[in-house]
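# pasting the structure only:
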């Protein structure tokens, strides 16, 4: 399933993937990464960070998203979520948030 999701990535996922690989050097990310029964959009396994992108369909799935985040947290992952339009409109801000989370986690871990 993860392989199919990587192959069928959305434009937003491709944009963020390229940015993670080229603009956050030194951090290793995986896309469509399996964690237990779940597959997250992006993960930095070394720092136990999961990054999820939410499109319009997720607005009606808040409870399911919360349950998913709690399940990932039980596996030791911190989850941060971004709306697709935020990635498209403010990629620099999204990357700053991700880098800030990685740096903060590194200082405390």
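Perfect, I can see it now. Values in this document were obtained by computation on a predicted structure and should not be read as measured data.
# residue boundaries of the helices in this protein?
2-7, 11-23, 62-74, 84-89, 91-108 (DSSP state H).
# Which strands and helices lie in contact with the longest one?
Looking back up the chat, that one is helix 91-108. Counting contacts by 3 or more CB pairs under 8 Å, 6 or more residues apart in numbering; DSSP states H and E, helix 91-108 is packed against helix 11-23, strand 49-54, strand 78-83, helix 84-89. The way it works is simple: take the backbone N, C-alpha and C, and place the C-beta from them, glycine included.
# go on, the second one?
Applying 3+ CB pairs under 8 Å, 6+ apart, one finds that helix 11-23 makes contact with strand 38-44, strand 49-54, helix 84-89, helix 91-108.
# picking that back up, got the helices and strands packed on helix 91-108 as JSON lines, with mean neighbour count, distance to residue 100 and mean pLDDT columns?
Shown next, in JSON lines, are those (neighbours: other CB atoms under 10 Å; distance: least, CB to CB, whole Å; pLDDT from 0 to 100):
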{"stretch": "helix 11-23", "mean neighbour count": "16", "distance to residue 100": "14", "mean pLDDT": "94"}
{"stretch": "strand 49-54", "mean neighbour count": "21", "distance to residue 100": "11", "mean pLDDT": "95"}
{"stretch": "strand 78-83", "mean neighbour count": "17", "distance to residue 100": "10", "mean pLDDT": "95"}
{"stretch": "helix 84-89", "mean neighbour count": "15", "distance to residue 100": "15", "mean pLDDT": "95"}
